[in-house]
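In: below is the sequence, then the predicted model.
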Amino acid sequence: MTRQELSKRHKGHIEVGESGHLLDVDEDLVLTEVPALIRRVAAEEARGGAMRKASIEMDAGTLVYKTESFYGLTDTKVKLKITRSGEVIARDFD
């Protein structure tokens, strides 16, 4: 895929080093693009509440998914940072 093709599909910021290593990323995701493991962890943490937003970013050199969901059937929102392996590394309630 060319850089131009990637930029047409990309919905955020991505930085790749000369060696091809990912240096930085910050991209909003369409909810259907969120991996099944991340959706499952977010649903468990949100007690089944609907996911509102998701993004992917670098956090201290680690690629993480950020999700925002309603907590259960309430208007309270739970914001999570989840590693690619499914570990919740941050949790915040709004």
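Out: Cool, got the structure.
In: which stretches in this protein count as helices?
Out: 3-9, 36-45 (DSSP state H).
In: state the mean pLDDT of the longest one.
Out: Think helix 36-45. Averaged across helix 36-45, pLDDT comes to 96.
In: neighbouring contacts of that helix?
Out: For helix 36-45, the external contacting residues (CB atoms under 8 Å, 6 or more residues apart in numbering) are 31, 34, 49, 51, 54, 65, 67, 69, 78, 80, 82, 84-86, 88, 91. For the C-beta atoms, the positions are set from N, CA and C on the backbone; glycine is no exception.
In: and that helix, C-alpha only, in PDB?
Out: Output of helix 36-45 as PDB, limited to C-alpha atoms (Å, rounded to 0.1, in the frame of the first residue of the first chain):
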ATOM      1  CA  ALA A  36     -13.000  -8.800  19.300                       C
ATOM      2  CA  LEU A  37     -10.800  -9.200  22.300                       C
ATOM      3  CA  ILE A  38     -10.900  -5.500  23.000                       C
ATOM      4  CA  ARG A  39     -14.600  -5.300  22.500                       C
ATOM      5  CA  ARG A  40     -15.100  -8.200  24.900                       C
ATOM      6  CA  VAL A  41     -12.900  -6.700  27.600                       C
ATOM      7  CA  ALA A  42     -14.600  -3.300  27.200                       C
ATOM      8  CA  ALA A  43     -18.100  -4.900  27.500                       C
ATOM      9  CA  GLU A  44     -17.100  -6.800  30.600                       C
ATOM     10  CA  GLU A  45     -15.600  -3.700  32.200                       C
END
